[in-house]
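>>> build the 3D model from these lines:
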Amino acid sequence: MTEPLRVVDMHTGGEPVRIVTAGYPPLPAGTILHKRAYVRDNLDHLRRILMFEPRGHIDMYGALLVEPDLPGADLAVLFMHNEGYSTMCGHAVIALGRYAVDQGLVPADGPVATVNIECPCGMVEATVEIVDGRAGAVSFRSVPSFAFAAGRSVDLPGFGPVGFDIAYGGAFYALAEADRFGLAFGRDPVRAFVDAASALTAAVKRAHPLAHPDHDDLAFLYGSILTDGGDGAGAATKNICVFADAQVDRSPTGSGVTARMAAMHAAGAVGLGEPRSFESITGAVFTACVERQVDIGARRGVEVRVSGRAYYCGRAEFSVEPDDPLGGGFLVR
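Model prediction:
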């Protein structure tokens with residue numbers, strides 16, 4: 001570290017978003033994926049300082065603002081977590097939409113403000129409601145998303161054959177119903193969901209190679225989402241997303257909701273413009289609808305609009321004393 005790391009902390013549905021505002025050295029010019037690779041390979045110690053204890057925790061999430069590369073982008077962001085760097089994060093996009101308006105990065109002179117956010121998966125357009133001059137609810141239109149595989153099955157020790165789908169919503173997820181693991185929301189502890197989802201992720205990674213039509217860097221399984229089997233048409237459908245290194249999303253998961261909508265649309269379970277609701281383990285709700293069909297390579301995909309609310313938690317300045325043996329970060333589960 002050459003200077004303190006300064007952050008603004010927010011949350012979306014209870015899921016933290018630690019926005020880094022100062023302290024990183026300048027990054028080389030290039031695409032957002034080049035910046036992601038550079039930060040991963042050269043500055044990962046700063047991620048550990050921000051995400052790990054004693055400043056963070058096993059489920060901390062962060063957003064590093066970087067210089068945009070795409071024309072028309074209002075800001076660009078790299079997402080970070082306990083394992084590394086993700087390609088898309090809907091809950092962080094919702095927070096960044098409000099942050100961009102509040103910081104004057106985009107004008108807020110009408111009932112809505114549009115914020116174009118360059119993410120590793122591509123440009124994401126966020127729409128921010130302006131009420132009495134203040135930013136309110138935020139929605140975003142996803143990058144082209146698609147069902148990758150449907151009706152697959154894998155044999156998991158202790159569970160037997162488990163059926164699942166794979167879908168992409170800015171990141172790839174395995175999707176499975178919780179009752180296939182003998183689990184029920186509101187009855188079983190979160191730890192049981194984490195163990196089941198982690199086992200599914202590991203098995204799917206071994207058995208099902210992924211491919212993305214735009215870039216190989218996007219072709220990895222980010223995690224698994226266990227659901228209550230509902231479609232969100234009446235009551236909100238509950239889900240829990242376990243990603244990275246067994247990290248638990250407190251929000252319904254923006255990219256995960258997008259992936260679920262893409263999978264449901266491919267199965268004929270949701271049509272264009274039909275609203276759906278998704279509830280997380282905190283009781284937070286995101287709403288979503290399929291805005292339009294798109295082609296992504298040779299695949300038929302969709303763009304999904306996801307909506308939620310983000311709130312501020314505080315501001316902080318972090319430093320590391322040179323003789324602190326634990327200052328670089330650690331994790332205790």
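>>> before we move on, what SS does residue 116 have?
strand (DSSP: H, G, I helix; E, B strand; the rest coil).
>>> domains of the chain?
Taking the TED database as the reference, the chain has its domains at 5-137+312-318, 146-309.
>>> average pLDDT for the shortest one?
Here domain 5-137+312-318 scores 96 as its mean pLDDT.
>>> stretch 174-188 now?
For stretch 174-188, mean pLDDT is 97.
>>> send the alpha carbons of that stretch over as CSV?
Only the C-alpha atoms of stretch 174-188 are listed here, as CSV (Å, rounded to 0.1, in the frame of the first residue of the first chain):
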residue,chain,number,x,y,z
ALA,A,174,-26.1,-24.2,-11.6
LEU,A,175,-29.8,-24.0,-10.7
ALA,A,176,-31.5,-26.7,-8.5
GLU,A,177,-34.5,-27.1,-6.3
ALA,A,178,-33.7,-27.3,-2.6
ASP,A,179,-36.0,-30.2,-1.9
ARG,A,180,-33.8,-32.4,-4.1
PHE,A,181,-31.3,-32.1,-1.2
GLY,A,182,-34.1,-32.6,1.4
LEU,A,183,-33.9,-29.0,2.3
ALA,A,184,-36.7,-26.5,2.9
PHE,A,185,-36.5,-22.7,3.4
GLY,A,186,-37.5,-21.6,6.9
ARG,A,187,-36.8,-25.0,8.3
ASP,A,188,-33.2,-25.9,7.6
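>>> report the buried residues of that stretch.
Residues of stretch 174-188 classed as buried: 174, 175, 176, 177, 178, 180, 181, 183, 185 (neighbour count, 16 or more other CB atoms under 10 Å). Using the backbone N, CA and C atoms, a C-beta is placed for each residue, glycine as well.
>>> the fourth one: what's it in contact with?
By that I understand residue 177. Residue 177 sits next to 163, 226, 227, 228, 229 when contact means CB atoms under 8 Å, 6 or more residues apart in numbering.
>>> state the pair within those that is farthest apart.
Pairwise distances among the contacts of residue 177 were taken by CB to CB; the largest, 15.1 Å, belongs to 163 and 228.
>>> mind listing the strands for the stretch 201-333 of the chain?
Here the stretch 201-333 of the chain has its strands, by DSSP state E, counting those that start in this stretch, at 221-227, 237-243, 247-248, 276-279, 285-296, 299-308, 310-318.
>>> want to throw those into TSV with mean neighbour count and distance to residue 157?
Converted to TSV, those look like this (neighbours: other CB atoms under 10 Å; distance: least, CB to CB, whole Å):
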stretch	mean neighbour count	distance to residue 157
strand 221-227	26	16
strand 237-243	26	18
strand 247-248	20	22
strand 276-279	23	30
strand 285-296	18	33
strand 299-308	23	33
strand 310-318	14	39
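>>> can you convert those into a markdown table and add a column each for distance to residue 264?
Below are the strands of the stretch 201-333 of the chain laid out as a markdown table (distance: least, CB to CB, whole Å):
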| stretch | distance to residue 264 |
| --- | --- |
| strand 221-227 | 10 |
| strand 237-243 | 10 |
| strand 247-248 | 23 |
| strand 276-279 | 8 |
| strand 285-296 | 9 |
| strand 299-308 | 10 |
| strand 310-318 | 25 |
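>>> and of the ones you listed, who's closest to residue 208?
Ranking the strands of the stretch 201-333 of the chain by proximity to residue 208 (CB to CB) places strand 221-227 first, at 7.8 Å.
>>> only alpha carbons, please: show the closest one as CSV.
Output of strand 221-227 as CSV, limited to C-alpha atoms (Å, rounded to 0.1, in the frame of the first residue of the first chain):
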residue,chain,number,x,y,z
LEU,A,221,-19.2,-21.6,-13.0
TYR,A,222,-19.6,-18.9,-10.5
GLY,A,223,-21.8,-20.8,-8.1
SER,A,224,-25.1,-22.6,-7.5
ILE,A,225,-28.6,-21.3,-6.6
LEU,A,226,-31.0,-23.5,-4.7
THR,A,227,-34.7,-22.5,-5.1
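>>> so who does residue 117 touch?
Here residue 117 is in contact with 73-77, 93, 96-97, 100, 123-126, 140 (criterion: CB under 8 Å, 6+ apart).
>>> give me the buried subset of those residues.
Of the members of these, the ones counted as buried by neighbours, 16+ other CB under 10 Å, are 73-77, 93, 96-97, 100, 123-126, 140.
>>> that'll do, ta.
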